[in-house]
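Let's see this in three dimensions:
(chains A and B)
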Amino acid sequence: MLRSKTFLKKTRAGGVVKIVREHYLRDDIGCGAPACSACGGAHAGPALELQPRDQASSLCPWPHYLLPDTNVLLHQIDVLEHPAIRNVIVLQTVMQEVRNRSAPIYKRIRDVTNNQEKHFYTFTNEHHKETYIEQEQGENANDRNDRAIRVAAKWYNEHLKRVAADSQLQVILITNDRKNKEKAVQEGIPAFTCEEYVKSLTANPELIDRLAYLSDEMNEIESGKIIFSEHLPLSKLQQGIKSGSYLQGTFRASRENYLEATVWIHGDKEEEKEILIQGIKHLNRAVHEDIVAVELLPRSQWVAPSSVVLDDEGQNEDDVEKDEERELLLKTAVSEKMLRPTGRVVGIIKRNWRPYCGMLSKSDIKESRRHLFTPADKRIPRIRIETRQASALEGRRIIVAIDGWPRNSRYPNGHFVKNLGDVGEKETETEVLLLEHDVPHQPFSQAVLSFLPRMPWSITEEDMKNREDLRHLCVCSVDPPGCTDIDDALHCRELSNGNLEVGVHIADVSHFIRPGNALDQESARRGTTVYLCEKRIDMVPELLSSNLCSLRSNVDRLAFSCIWEMNHNAEILKTRFTKSVINSKASLTYAEAQMRIDSAAMNDDITTSLRGLNQLAKILKKGRIEKGALTLSSPEIRFHMDSETHDPIDLQTKELRETNSMVEEFMLLANISVAKKIHEEFSEHALLRKHPAPPPSNYDILVKAAKSKNLQIKTDTAKSLADSLDRAESPDFPYLNTLLRILATRCMMQAVYFCSGMDNDFHHYGLASPIYTHFTSPIRRYADIIVHRLLAVAIGADCTYPELTDKHKLSDICKNLNFRHKMAQYAQRASVAFHTQLFFKSKGIVSEEAYILFVRKNAIVVLIPKYGLEGTVFFEEKDKPKPRLAYDDEIPSLRIEGTVFHVFDKVKVKITLDSSNLQHQKIRMALVEPQIPGINIPPNVADKALTAPGGKKRKLEK
Amino acid sequence: ASVALSEAEKVYIVHGVQEDLRVDGRGCEDYRCVEVETDVVSNTSGSARVKLGHTDILVGVKAEMGTPKLEKPNEGYLEFFVDCSANATPEFEGRGGDDLGTEIANTLYRIFNNKSSVDLRSLCISPREHCWVLYVDVLLLECGGNLFDAISIAVKAALFNTRIPRVRVLEDEEGAKDIELSDDPYDCIRLSVENVPCIVTLCKIGCRHVVDATLQEEACSLASLLVSVTSKGVVTCMRKVGKGSLDPESIFEMMESSKRVGKVLHVSLQSLLHKEESLGPKRPRVGFLG
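Numbers count the residues shown, from 1 in each chain, chains lettered A, B, ... in the order given. Below you'll find the predicted structure:
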């Protein structure tokens, strides 16, 4: 049956357009109950249970299905995700509304409906002949959808009665809208509010905590006083933004000061890029990352950013007066020059709330069910939640979601979502840092796994099409010890004409991950494999990463090969790319490979091959350095793990061998060759990687630091920088060169992926290459998969697809990849930091030698080479007389009492673990040498200082 | 569109008219049977299809937002466009129908060019800034004589069927205006078509004149008179077509009969449109397959 749906729409230009869509109604849509005789089992995928038994609700003891409306789905998704809630009918009407209103919740409900265990059934009521309704006169879109939901609920009840009259099966409408509920009851549909229903589930009392707490009346009783001014409606905000009276931007709360924030204005007006917001009323309930509209205050009310550090310590819920006092504290006298454009938040354009990790601060009042939650991220305000399991949650890391922020409440309201585990536990902390860095780490869904090849897998005739058989070659791989995702292998052999043939073979991941399927989408979303200290978060399922794609020894594997013909001076005579099958003869570690090269006794094929490669690599490296490639350094540390407890027992900095650099050279060469090829073939949509040259001012700190040691660093070109770094040696200070290189690394810009059609600067500064891309690690980077696909199309080994040649899509992919890479890096650092803490926790207090990296106004930043650990030594402490400090920006140096500190000075510091703040444990460093009276802590006092934080902790717990 | 007639055929027709008996049995002031259906094209704001004998006309009205004309800041306006489909007759192929199309469009502009036909003020959203522009698109599907009358009936029916979405102009303190669209699709403005005129074409055949001439009759006529008449019998516009001449006395006679015929035409059209509307949105549709 055909109907047409008509609706009016406003276009961006301001016109009104009438849109007509054809709408087909069907009579063969099943109700989702298995073995339903009327509509048959026409459905694959998750369906309802025949006899939903396990929900013991005191409100309706007989078996039933649930049918939630849109608002319940939007706000109570945490309840619905709980394993106790099963057998839910999700209407298409509801799905569509959720999709329009919140993409993340839509994603979550999709995950739930795809889960077989949950028995959620999506009923396409809009296309069902009997449940489709048209909007009536005098009815708005919302009313119509509510009616559609009721009609579907009624249809279900009648349908089930007809089909299974004896089972007393019912469908219960769950709605929080009072009018909708009344109407439903009038029409004879059993209906409850979400709260009523959840409370009736006597078997699962923990569900009540998950209820989002929304009803306005409850808040009003609590305090009638209105703290915040009202948010303007969206339509007014848009008008205001159009006319220029309001500005739209991203709200960024300050880490140091909870009463201050900045708003980054979208758009390209240079001068007013950033607007300062100060004071709790002006912040007006905006939360970090929200898109807000701000109004600029008159110039007379502008303020300067304060340098005060303020933590929100209020335990009492509504100490607004105290906040106001504190605000005054911020407004210290400042010069005119310091004033910055200041504004106030008038409305929220888009909330960017996500579930937050943190800890519960239990209420002082015993038996109270209302508690404050302190997020781990200091930029997020505390959240008030209601829970009965406060004592159980104490000292745990938990996740809380914000539900809303009423005008009369000092804190936003939220609800408890998940308990991650004890604070300080390795699993808990790992989970926290993954969540906080937005690293997708859930196990791969069934849909994704369904695209994996079936085991046992073997190479078929089909696979051999467009593929060269290179199994006879003596290929081997060289990787760090314990590596299971081997994505590169090498070979080198002498040709009959005296030249050398060198091959780089990369795992052919794009053979297994076909464009557009769920597996592809999931890897595109993850973007990269994240390596934490003791855990790897894979980008592709393990079957691929550690088995089928991993180029292990003595098995046939599919590869993408890049083969050069070179002469003995490492000049490339010929380059060719081909898909291939290889059979690696050995998987070596760097050390093993090095041993083979060095030991004269070994002369087998693999060893000769390695020697040839090593020779060429040395020449290549020399050539590259001559061109101006930088050799930078960053202290990388590895943990020795206890095999039983997986606790770190020792750490060491990574060793670099010749073989590391050998593999690296050939990977670089392959990447550059591929980059040239794909750019040649697809000038508009090649995925490349660039590394912009840093602005000259970035080097100031490096140049000054070198000068203080009487060395000269030239920074005009990469080449001169590399040369001057090489020359900067000091015979009596061998570590100086490494320090300079560490410092130089800090001056660099971030390398990024981009689409060649969207940019015209391709240069890779660090590698001194005019063009570069990533080709060699498709198992752990999605960028490489795209590059593989491009290259495969270029050599005619695979077919193309529309998205591949759409530069806007490609540019979106690049954006996501850059974000994921950044986050992966942060997560990695956080993981190292956490393990360092664990290490020092077990180790107790140690004193180590360190070098000064930076000098600040009231502190020095030091690096301990032994641990590759960086830390800050503060010279000003709370509740202590301030020492005399004199900071010189030019040299830069810091004079404390009589001692002067320069960059690169050697000092001795004491390392301790500061756990005064349970959520933010950190490594604390204190100066031991040189001795400055009043600064150094004598050993006995140090012990006391260590116990002090514990005392503070106890106070907090009260 | 024209047909070739032999002398004998012409004489037969002319003599018949003389006797007030036309080839298809009608009298001189009788119309052929008219079929009207509205709301036939769903993506227009209003539409109508009219069949008059073999003449088949489709009219769509599309309301779009525009800016009022400078000289009339408080009014919206109508735009006419006539498309002569080559389906109607092979002569229209290519640009063959352009001249006829322009001629019809110009005629329509003329008959609507007065204050009383449509209340243009009701089409104004905000003076000098926004108004509704009604694009009236006429499509000739088949020509079977008396195009003008059929078109004018179809235009009137389509305007009657037109529903313009109701919009509100929001104004903030700075005077910036924004247009808000009601989210109820039933919330719309209807036009009053009370004073929309219809064209009555009178063909001079021999010494008498006929209304609603067929193609054959048109071939026998040397001159005809287009008179646009409102439902009250007011003549709003008049135009002579054809190469022959008319004496003042017969012009007067023709005007009188056009008023008479026009009034009846309006009454029956009006009652038909109301009857169709009273059937509600669930009425069975005939459309193009009926």
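
where does B:K232 fall, phi/psi-wise?
Backbone torsions of B:K232, given as degrees, to the nearest 10, read phi -90, psi 0.

what sits against it?
Contact analysis of B:K232 by Cβ atoms under 8 Å, 6 or more residues apart in numbering or on different chains lists B:195, B:263. All C-beta atoms are positioned from the backbone trio N, CA, C, and that covers glycine.

Number of residues surrounding B:Y186?
B:Y186 has 13 neighbours, counted by other Cβ atoms under 10 Å in any protein chain shown.

if I've got this straight, it is in a helix?
No: using DSSP: H, G, I helix; E, B strand; the rest coil, the assignment for B:Y186 is coil, not a helix.

which one is it nearest to, not counting chain neighbours?
Nearest residue to B:Y186 in three dimensions, chain neighbours excluded: A:Q137, at 4.1 Å (Cβ to Cβ, 6 or more residues apart in numbering or on different chains).

swap in A:S458?
The nearest residue in space to A:S458 (Cβ to Cβ, 6+ apart) is A:D556, at 7.9 Å.

so does the longest helix anywhere in chain B get close to chain A?
Using DSSP state H, we find that the single longest helix of chain B is helix B:248-278. No: Helix B:248-278 lies out of reach of chain A by Cβ under 8 Å from any Cβ of the partner chain, never closer than 13.7 Å.

Now do that helix: distance to the chain's middle.
On the basis of Cα atoms, centre = their mean, to the nearest Å, helix B:248-278 sits 13 Å off its chain's mean C-alpha point.

What is the neighbour count of the residue nearest to B:Y186?
A:Q137 has 9 neighbouring residues, counting by other Cβ under 10 Å.

can you pull the contacts of B:V36?
Applying Cβ under 8 Å, 6+ apart to B:V36 gives the contacts B:48-50, B:153-154, B:157, B:269, B:272-273, B:276.

ok, 6 Å please
B:50, B:157, B:272 (Cβ atoms under 6 Å, 6 or more residues apart in numbering or on different chains).

Retrieve the pLDDT associated with the residue nearest to B:H209 when sequence neighbours are not counted.
In this structure, B:H209 finds its nearest non-sequential neighbour in B:L202, 4.5 Å apart by Cβ to Cβ, 6+ apart. At B:L202, the pLDDT value in this model is 94.

Within its sheet, name the partner strands of the helix or strand encompassing B:L202 and how each one runs.
Using DSSP states H and E, B:L202 maps to strand B:198-205. Here strand B:198-205 has these sheet partners by DSSP bridges: strand B:208-211 (antiparallel), strand B:223-229 (antiparallel).

returning to what we had before: can you tell me which of the contacts of B:V36 is nearest chain A?
B:A157 (18.9 Å; Cβ to the nearest Cβ).

so what's the closest one closest to, chain neighbours aside?
B:A48 (3.5 Å).

Dump the helix or strand that that neighbour is a member of to CSV, keeping only the CA atoms.
If you go by DSSP H and E, B:A48 is part of strand B:46-52. Extracted as CSV, the C-alpha positions of strand B:46-52 are listed here (Å, rounded to 0.1, in the frame of the first residue of the first chain):
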residue,chain,number,x,y,z
GLY,B,46,-2.4,23.7,-4.8
SER,B,47,-3.3,22.0,-8.0
ALA,B,48,-6.2,21.2,-10.3
ARG,B,49,-6.9,19.3,-13.5
VAL,B,50,-9.6,20.3,-15.8
LYS,B,51,-11.0,18.5,-18.7
LEU,B,52,-13.3,20.3,-21.1
